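Participant: I would like to see how this sequence folds:
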Amino acid sequence: MAKLYFYYASMNAGKSSHLLQADFNYRERGMATMLWTAALDSRSGGMVRSRIGLESEAHRFNPETDLWAEVGAAHAGGGLDCVLVDEAQFLQPEQVWQLARLADEANIPVLCYGLRTDFRGALFPGSAVLLGIADALVELKAVCHCGRKATMNLRVDAQGQAVREGQQTAIGGNESYVALCRKHFSEALRG
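Facilitator: Sure thing, here's the model as predicted:
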């Protein structure tokens, strides 16, 4: 029986490179995969990209994408062995349930990779549902500047100061976010 997996971490933990390695492993064995990433992240240009230089083309989902129908059509056309989703925090709750249905009814393993929490420490809606219903939860590790495990994503402004308010989603990389342990995250927000 196929499973729904959620690989989660803070920024800079290697989520995309882990996804691309999993995709490579399937394809190296002659298996068919389908990659997805969030259309919201315009930096990617329809690619799953890791900071270490790995990349692969991917389908792009937006809040209206029916993943059950899209993946189901591809599966009917040739059979899929795995679906891999990057930036899974941007999935809508109903899309997470569609992915669960693909695992349960179409017997396709679904591997989702994303952030657990936003810059305020609040769960993303897609991540909340994944944490609730995924068959397997896997935490990938990032490291805070102090050496502890980084679990939080601090949003920073152009001067490197903590941002305390704003919309949940603001696309950015190392120039906009810093992965920190909870202690240093809390200190930065109080600072």
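Participant: next one: stretch 72-90 to chain centre, how far?
Facilitator: Centroid displacement of stretch 72-90 relative to its chain, using CA atoms, centre = their mean, to the nearest Å, is 14 Å.
Participant: and it, which residues are buried?
Facilitator: Residues of stretch 72-90 classed as buried by neighbour count (16 or more other CB atoms under 10 Å): 72, 74-75, 80-90. Heads up, the C-betas are built off the backbone N, CA and C, glycines and all.
Participant: could you do stretch 116-124 as well?
Facilitator: Of the residues in stretch 116-124, Arg116, Thr117, Asp118, Phe119, Arg120, Leu123, Phe124 count as buried by neighbour count, 16+ other CB under 10 Å.
Participant: likewise stretch 154-170?
Facilitator: Neighbour-count burial for stretch 154-170 [16+ other CB under 10 Å]: Leu154, Arg155, Val156, Ala162, Val163.
Participant: name the residues that touch that stretch?
Facilitator: Outside stretch 154-170, the residues within contact range by CB atoms under 8 Å, 6 or more residues apart in numbering are 40, 90, 118-120, 122, 124, 172, 175-180, 185, 188-189, 191.
Participant: in helices only, show me those.
Facilitator: Using DSSP state H to define helices, the subset of the contacts of stretch 154-170 located there is Phe185, Ala188, Leu189.
Participant: returning to what we had before: quick one: which of the buried residues of stretch 116-124 is nearest His145?
Facilitator: Sorting those by distance to His145 puts Phe119 at the head of the list, at 17.1 Å, by CB to CB.
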